[in-house]
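Asks: build the 3D model from these lines:
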Amino acid sequence: MADSTEPRATTPPVKRPGQHELRGWTRLCLFVGAIVAGFGLVLGTGVAGPEVSQIVSNFGLCLGAIAAAVACLIRARSFTGRARWGWALVGLGVLSWGLGQSAWIYLESFQGEEAPFPSIADIGYVGMVLLTPIGLLVLPSRAQNLANRARSVLDGLMVAASLILIAWIFVIAPLLDAGQDSALALTVSLTYPLGDVVIVTMVLYMLAQQRRNGRTFTQLALVGVGITAFAISDIGYAYLSLIGGYSSGGVTDIGWFAGFSLILLAALKPIPAYREDEDGEQHDDNAQPVGILLPYVAVLAALLTSVVWYSRTGYSNVLFVSCIRSALILLIIVRQLLTLRENRELTRTLEARVAARTAELLASEQRFHALVQHSSDVVTVVSPEADVLYQSESAQRVFGYPARFLTGRRLTKLIDPESGLRMAQALRQVAGRPYATTVLELPVRHRDGRVRQAEMTITNLLSDPNVAGLVLNTRDISERKELQDQLVHEAYHDALTQLANRALFRERLAGALQKREDGGEVTVLFLDLDGFKEVNDSLGHLAGDQLLVQVADRLRASVRDGDLVARFGGDEFAVLIESAPGTGDDEAALVAQRIIEVLEEPFASEARSIHVQASIGLAAAGLLATAGLLADAEADIADQLMRNADLAMYKAKSAGGSGYASYDPEMLSGLVARLELEADLRVALERGQLRLHYQPTIDLATSEVIGFEALARWHHPERGLIPPGEFIPIAEATGLIVPLGRWVLGEACRQAVEWSNAGEGRPVKMAVNVSVRQFDRTDLVGVVAGILAETGMPANQLCLEMTESVLMTDTDDNLEQLVRLKALGVTLAIDDFGTGYSSLAYLRRFPVDTLKIDRSFVERLGALTDDTALADTIVQLGKSLGMETVAEGIEELGQLDALREMGCHFAQGYYFSRPVPAEEAGRLFLVGSKVTAA
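Replies: Alright, predicted model coming up:
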């Protein structure tokens, strides 16, 4: 019953018991109940005889007390603070009783004499009466204030006094009447029932305070029932001891054994976890006023008991009973005075809380009023007919009208008719539905004449007696609308030229296709500037941007009213033309021609005049309709039309630029075929479908095969043999030439080493073509060096052939690459020499070893033509520069004789051999040391 202001500090968090723990405790209850039943059966019936009953009683009580004590001490170890001490003291009290019982057994069973009363055993018994109440007092309970603690003490005293009075009537008075040998024996006899009364009082009051949903309610209930059983046995023991009729093994001992069994079960029962509020206080969900009524119930029971006792015995003037009754009356008066004081304190507290709440409501009302008056929203309360019932002062700050100007007037009459009609419809929409809300946007004229965009939220609060109207929350969203319009414009227009961008163009195109009339036409012009990259590279991006702005201005001036001009990015523009039936193709062509003409005029720049031209592709929707695509719901016709115009633009650009071309379905089929061929080429590289053929190189002086040129061949599994002229340009354009060239170089070097080993070390000169795309990569030298090291190919037996374009592009970077390749020891050759634009300066600057005369100069040798003179010039040029020359494309003996006469060093051509697979090329190298006409 002691109070604690720190209940959580005494008890650590306990896990909620699992089902298996509860089932285990239930089985324990059944087991203990069976033992108690057997104990009671042996002692109650005496079937085993007095001696056996005495032994069972003595040792059973001793073991039961010790087991209950051990269980209490184990329970104490699972707690901390006051809970640990409380359970420990209860356990020590029970252990003290067990030790007293051990002394009783010793005196009665082993001394062979009747134990005296009182004896040394009573010291242990009295120890439980002292320690157990202390343990219950130490156990923590709910935190209480001073008044509650005082009331708890008074309630406990009232219950204790009532129980003492009842115990006096039923126990103590009979004992006094029975008489006693000594005062010590009488005191000891009275200690047991009075101690039990105190313990039962404490347990009952703790149960009443804790309520049924407390964490230890069951434990305390079991302890209370056990102590009650104890009290019954103690009363019987005291009475029988006074009259000399007590002996071990009687029915009286059953109550003690049952009490220890219940204390054992209470100590071993699993304890549930805390169930707390956010502030940590424990709940009483179904609180009953048992704690308040218990003292009065006890007093009423004592009163009824005393009345019955008076009626039976006739004693009316017993001093002890009178004192107890007087004490009860005094306790009741004090408790009522305390309750009266608490009621007065509660009344003052309620008055203070009401005053504080009233002040809080007043402050809240004033705060709400200030917030409404100074809010950025204009708050208006109107009737269903739009008459203004209330208007906040913020209307003057937002729209310039004072509140008194609007109050009492009909709001729909103060705005334009169209907005007034929309507002009236919105008011009717929500008026029939309580708490309904709707939002609308409408223009509101400011008092200074400006038109502002307003967002109005209408809420139906007609059913709210504090408002009784329709509430309009209005805010000025003009700046937000302007920002939205600006963002939309930026999202659909090019930032540099302010033309429409791709997104807007596509939307307008889709709309035009949707509303296209029968016989009408929708045409897309796709325009790309010729030479714009050179302007950017030479004059800088600022000059390029200025040029794009001027081009946009000219495009606007060139198109018709209603035509849409857009910039897609970079130097790409587009024009959307919608034509009436019968005029579509002609009007689009006229617009395209007009654009070409206006762009031919030079553009002004800070430094110089700039000349640019345009390539234009035209794509008409009528062609798609003819193909039946416009009826296909799955096809994105707008994207197809834009793609077709793009293809037509590339057709115009390939024709030399500064012109226009109309889309033809063959363009798409060619593009699709190119894409399919590109995809197949990637697969061919991954799956190793490419092969090398080798064309021999002949020494014209000895007619011996001194080497080969490696040429890639592709035998497609479905299309058959694909000429190099078809897949090599695709590889160049897509970058696949880089892995293709690496594979050709590695395979050719491996094959050359294999032939050289088969020919007992005879050297094989292997020529491999290297593209411009490979020279663009900085790892070319590393790749060549790695392949040479991997295959064991001598560097001086490898010849890398390049076109003249390598010498003309990125001159310094390519020169560095060539110098590093030359440092490896490889031979460098210029393929198809004479067809490009290289100059003698480049030939002297670059470390080139060989010139290969193009077949176009060789095919007409033997006749007195300019080609003969050119071929002879190339041979003499190579000699003067210390370079070897190789003639390509020899097919006739006359060509061979002419080249020998000029002094050309080496030759290739069908006259000797076509490019052949590796096996046949190996036989040419190993078997035939000299070759004749193939």
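Asks: and the lengthiest helix in the chain, what does it pack onto?
Replies: Criterion DSSP state H: the longest helix present in the chain is helix 319-373. Helices and strands touching helix 319-373, as assessed by 3 or more C-beta pairs under 8 Å, 6 or more residues apart in numbering; DSSP states H and E, comprise helix 146-167, helix 290-313. Just so you know, the C-beta spots here come from the backbone N, C-alpha and C atoms, and that holds for glycine as well.
Asks: now the longest one: average pLDDT?
Replies: In this case it means helix 290-313. Helix 290-313 shows a mean pLDDT of 73.
Asks: other SSEs contacting that helix?
Replies: Checked by 3+ C-beta pairs under 8 Å, 6+ apart, helix 290-313 has helix 146-167, helix 183-210, helix 319-373 packed alongside it.
Asks: just to revisit the earlier point, run the angle between the longest helix of the chain and helix 290-313 for me.
Replies: Per axes from the mean of the first three to the mean of the last three C-alpha atoms, to 10 degrees, the angle that helix 319-373 makes with helix 290-313 is 160 degrees.
Asks: now do helix 319-373: distance to the chain's middle.
Replies: 53 Å (C-alpha atoms, centre = their mean, to the nearest Å).
Asks: quick one: strands adjacent to the next helix or strand after it?
Replies: For helix 319-373, the succeeding helix or strand toward the C-terminus, using DSSP states H and E, is strand 378-382. Sheet partners assigned to strand 378-382 using DSSP bridges are listed as strand 388-391 (antiparallel), strand 469-476 (antiparallel).
Asks: pLDDT of the next helix or strand after the longest one, averaged?
Replies: As assigned by DSSP H and E, the chain's next helix or strand after strand 469-476 is helix 478-492. When pLDDT is averaged along helix 478-492, the result is 84.
Asks: send the alpha carbons of helix 478-492 over as CSV?
Replies: C-alpha atoms of helix 478-492 as CSV (Å, rounded to 0.1, in the frame of the first residue of the first chain):
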residue,chain,number,x,y,z
SER,A,478,-2.7,36.7,-61.6
GLU,A,479,1.0,36.3,-61.0
ARG,A,480,0.6,32.5,-60.8
LYS,A,481,-1.3,32.5,-64.1
GLU,A,482,1.3,34.7,-65.7
LEU,A,483,4.1,32.4,-64.5
GLN,A,484,2.1,29.4,-65.8
ASP,A,485,1.7,31.0,-69.2
GLN,A,486,5.4,31.8,-69.3
LEU,A,487,6.3,28.3,-68.4
VAL,A,488,4.0,26.9,-71.1
HIS,A,489,5.5,29.3,-73.6
GLU,A,490,9.0,28.2,-72.7
ALA,A,491,8.0,24.5,-72.8
TYR,A,492,6.6,24.9,-76.4
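Asks: how near is the closest residue to Leu824 other than its chain neighbours to Val806?
Replies: Counting by C-beta to C-beta, 6 or more residues apart in numbering, Ala795 is the residue found nearest to Leu824 once chain neighbours are left out, at 5.1 Å. Using C-beta to C-beta, to the nearest Å, Ala795 is found at 20 Å from Val806.
Asks: show me which of these two is the more surrounded one.
Replies: Taking neighbours as other C-beta atoms under 10 Å, Ala795 and Val806 compare with Val806 leading, 27 against 16.
Asks: list the contacts of stretch 588-606.
Replies: Contacts made with stretch 588-606 from outside it, assessed by C-beta atoms under 8 Å, 6 or more residues apart in numbering, are listed as 521, 523, 525, 527, 529, 539, 543, 546-547, 550-551, 554-555, 557-560, 563, 575, 577, 579, 609-614, 616, 618, 620, 658-660, 662.
Asks: so what touches stretch 437-454?
Replies: Contacts for stretch 437-454 (C-beta under 8 Å, 6+ apart): 399-401, 415-416, 419, 422-423, 426, 429-430, 455-460, 474-478, 481.
Asks: mean pLDDT lowest for which of the helices and strands packed on helix 290-313?
Replies: helix 183-210 (a mean of 66).
Asks: report all helices and strands that the helix or strand following it contacts.
Replies: Downstream of helix 183-210, the next assigned helix or strand under DSSP H and E is helix 217-243. Contacts defined by 3+ C-beta pairs under 8 Å, 6+ apart place helix 217-243 against helix 173-178, helix 183-210, helix 252-268.
Asks: do that again at 10 Å, thanks
Replies: Secondary-structure packing of helix 217-243 (3 or more C-beta pairs under 10 Å, 6 or more residues apart in numbering; DSSP states H and E): helix 50-77, helix 82-105, helix 121-138, helix 146-167, helix 173-178, helix 183-210, helix 252-268.
Asks: which one of those helices lies closest to Glu351?
Replies: Closest to Glu351 of these is helix 146-167 (C-beta to C-beta; 18.2 Å).
Asks: poorly predicted segments of the stretch 451-600 of the chain, please.
Replies: 518-519, 582-585 (pLDDT under 70).
Asks: show the residue spans covered by the helices in it.
Replies: 478-492, 502-514, 532-539, 541-558, 584-600 (DSSP state H, counting those that start in this stretch).
Asks: mind putting these in a markdown table, distance to Arg567 included?
Replies: Shown next, in a markdown table, are the helices of the stretch 451-600 of the chain (distance: least, C-beta to C-beta, whole Å):
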| stretch | distance to Arg567 |
| --- | --- |
| helix 478-492 | 12 |
| helix 502-514 | 8 |
| helix 532-539 | 12 |
| helix 541-558 | 7 |
| helix 584-600 | 14 |
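Asks: would you mind giving those as TSV with mean neighbour count and distance to Pro717 added?
Replies: Shown next, in TSV, are the helices of the stretch 451-600 of the chain (neighbours: other C-beta atoms under 10 Å; distance: least, C-beta to C-beta, whole Å):
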stretch	mean neighbour count	distance to Pro717
helix 478-492	12	49
helix 502-514	17	40
helix 532-539	15	40
helix 541-558	17	48
helix 584-600	18	44
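Asks: nearest to Glu901, of those helices?
Replies: helix 532-539 (46.0 Å).
Asks: send the alpha carbons of that closest one over as CSV?
Replies: The C-alpha atoms that make up helix 532-539 are tabulated as CSV, following Å, rounded to 0.1, in the frame of the first residue of the first chain:
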residue,chain,number,x,y,z
PHE,A,532,26.4,25.8,-90.6
LYS,A,533,29.0,23.6,-88.9
GLU,A,534,31.8,25.5,-90.6
VAL,A,535,30.3,28.8,-89.4
ASN,A,536,30.3,27.6,-85.8
ASP,A,537,33.8,26.2,-86.1
SER,A,538,35.3,29.2,-87.7
LEU,A,539,33.4,32.2,-86.3
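Asks: which elements pack onto it?
Replies: Packed next to helix 532-539, using 3+ C-beta pairs under 10 Å, 6+ apart, are helix 541-558.
Asks: now do the helix it packs on: which elements does it pack against?
Replies: Counting by 3+ C-beta pairs under 10 Å, 6+ apart, helix 541-558 packs on strand 521-530, helix 532-539, strand 564-569, strand 572-579, helix 584-600.
Asks: these: which one's closest to Gln219?
Replies: Across those, closest to Gln219 is strand 564-569 (C-beta to C-beta), at 81.8 Å.
Asks: now that closest one: buried residues?
Replies: For strand 564-569, a neighbour-count test (16 or more other C-beta atoms under 10 Å) marks Leu564, Val565, Ala566, Arg567, Phe568 as buried.
Asks: and the residues you listed as JSON lines, adding distance to Ala918?
Replies: As requested, the buried residues of strand 564-569 are arranged in JSON lines below (distance: C-beta to C-beta, whole Å):
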{"residue": "Leu564", "distance to Ala918": "60"}
{"residue": "Val565", "distance to Ala918": "59"}
{"residue": "Ala566", "distance to Ala918": "56"}
{"residue": "Arg567", "distance to Ala918": "55"}
{"residue": "Phe568", "distance to Ala918": "50"}
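Asks: which neighbouring elements make contact with the longest strand out of those in the chain?
Replies: Assignment by DSSP state E gives strand 704-716 as the longest strand of the chain. On a contact count with 3+ C-beta pairs under 10 Å, 6+ apart, strand 704-716 meets helix 665-687, strand 690-699, strand 720-722, helix 724-734, helix 737-758, strand 765-769, strand 798-802, helix 918-926.
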